[in-house]
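1. Give me coordinates for this.
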Amino acid sequence: MTGPRMHYSRVAGFMRACAVGFALQACLMAPVHASELALPGAVATPTVRLTVWGFEVYDAKLWARAGFSTAQYVRHPFALELSYLRGLKGDAIAQRSLDEIKRQGPISDSQAQSWLKAMQAVFPDVQKGDRIIGVNKPEQGAEFWVNDRLVGQVADPQFAKLFFGIWLSPQTTAPEIRQAFISRWP
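-> The predicted model follows:
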């Protein structure tokens, strides 16, 4: 069959194929949050803001799956998301993290230096709006995502326990954040 009718069906078929192709492309290009990649099926706590001496530093969320227990956090995969509200140097973030880790439990000087170097390698300078997500990998360590891009890991379960303890252990210096997480994940 030739003529206008054949031409119309080819054009209509081409248009349907284009529509499907564009829809598929849009799905593939849609932004995917790092928590979805690293921890499928996780649900977030409400956002909690850290303010130090009147300065807003970051908003925090804890992403976890059903069955998560704050009291037994080292046994569960979870993601801690920090959305920065101001610019900070990566070296300062790493040093402050090390200072807070030391409050969680004793570590040797060599361990402290090793962990500091590892954190300096994964924590970039951040600007307002940047996100760092740390993912607890039980019995393996922690991996880190910056603005939804995997940037590195620290393959040491003791590091992960003490690092995430900054927000989740009873020794935290941010009890309001811990309390908000506990209210969602007892």
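
2. For Ile133, which non-adjacent residue is spatially closest?
-> Excluding the flanking residues, the one nearest Ile133 by CB to CB, 6 or more residues apart in numbering is Trp145, at 4.3 Å. Using the backbone N, CA and C atoms, a C-beta is placed for each residue, glycine as well.

3. Tell me which residues touch that neighbour, please.
-> Listed by CB atoms under 8 Å, 6 or more residues apart in numbering, the contact partners of Trp145 are Ala34, Leu37, Ala38, Arg131, Ile132, Ile133, Gly134, Val135, Val151.

4. in stretch 137-155, what counts as buried?
-> Within stretch 137-155, the residues that qualify as buried are Lys137, Gly141, Ala142, Glu143, Phe144, Trp145, Val146, Gln153, Val154, counting by 16 or more other CB atoms under 10 Å.

5. would you list these in CSV and tack on pLDDT, secondary structure and distance to Ala92?
-> Listed next are the buried residues of stretch 137-155 as CSV, based on pLDDT from 0 to 100; DSSP: H, G, I helix; E, B strand; the rest coil; distance: CB to CB, whole Å:
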residue, pLDDT, secondary structure, distance to Ala92
Lys137, 97, strand, 26
Gly141, 98, strand, 23
Ala142, 98, strand, 19
Glu143, 97, strand, 22
Phe144, 97, strand, 16
Trp145, 96, strand, 20
Val146, 96, strand, 15
Gln153, 96, strand, 21
Val154, 97, strand, 18
